[in-house]
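>>> Give me a 3D structure for the following:
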Amino acid sequence: MNSQDIIHVAVAESSSIVRGGLVAILKRLGDLNVQPIEISSKEGLLHCMEAHQPDILIVNPQFEGWFDLDGFRQRYSCPDIKFVSLIYTLVDANQLKGYDESVNLFDDVESLTHKISVLMDVADEEEGDISSLSQREKEIVGCVVRGMTNKEIAEKLFISVHTVITHRRNITRKLQIHSAAGLTIYAIVNKLVELSEVKMNL
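Next comes the predicted model:
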């Protein structure tokens, strides 16, 4: 999609402070045209889904007790919606399975912009420095050169396999590196991994 297209992002969170703060930041993502929707209750979420399904749903996994992601997907048959977990308390890792991405209170504007761009597959109109990877992309490079599969990376980072594949595609595009050996050399030179961690894969 184009960066000027409207991205509808619903934020389902009981805390008005957390919800309001995230919505305020979403409105200031200069590179993206985000239209946030505040949702404070499960009833509000149901109304939102019936009126207009968002492109992205950012939801606290403990929203009003517990958010049943699988049940929600089945009920609304929403294959195009990207689900993002909003984390600011301790959460059982099992509750995060199935989410496409996660955000937390420590994410800055740049990180949030990048995560939404990746989820929505927004074309990067600025060439700029193609070698500048986001923190999440650096984590994925580290996992790849350690020999982890997409599934293992997804489980480690609490994201979906689809999101891992999207990140890997973006990494390849930015770095123009198309081999495991090339990626390994890049990771070592840029101190993303120690040589001892990848010795077995070389």
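>>> Can you give the domain ranges for the chain?
Domain assignment for the chain by automatic domain parsing gives 6-119, 135-201.
>>> would JSON lines of these with mean pLDDT and mean neighbour count be doable?
C-beta: built from backbone N, CA, C; applies to glycine. What follows is the domains of the chain, written out as JSON lines (pLDDT from 0 to 100; neighbours: other CB atoms under 10 Å):
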{"stretch": "domain 6-119", "mean pLDDT": "89", "mean neighbour count": "16"}
{"stretch": "domain 135-201", "mean pLDDT": "86", "mean neighbour count": "16"}
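>>> contacts for stretch 66-74?
12, 59, 60, 61, 78, 83, 95, 98, 99 (CB atoms under 8 Å, 6 or more residues apart in numbering).
>>> Then stretch 37-46?
8-14, 16, 19-20, 23, 48, 54, 59, 63-64.
>>> for that stretch, the distance to its chain's centre please.
21 Å (CA atoms, centre = their mean, to the nearest Å).
>>> ok, now which ones touch the residue nearest the centre of the chain?
By CA atoms, centre = their mean, the chain has its centre lying nearest to residue 101, at 3.1 Å. Taking CB under 8 Å, 6+ apart as the contact definition, residue 101 lies against 82, 84, 85, 115, 118, 119, 159, 160, 163.
>>> sorry, back to before: taking the contacts of stretch 66-74, tell me the two that lie furthest apart.
Farthest-apart pair in the contacts of stretch 66-74 is 78 and 95; separation 19.2 Å (CB to CB).
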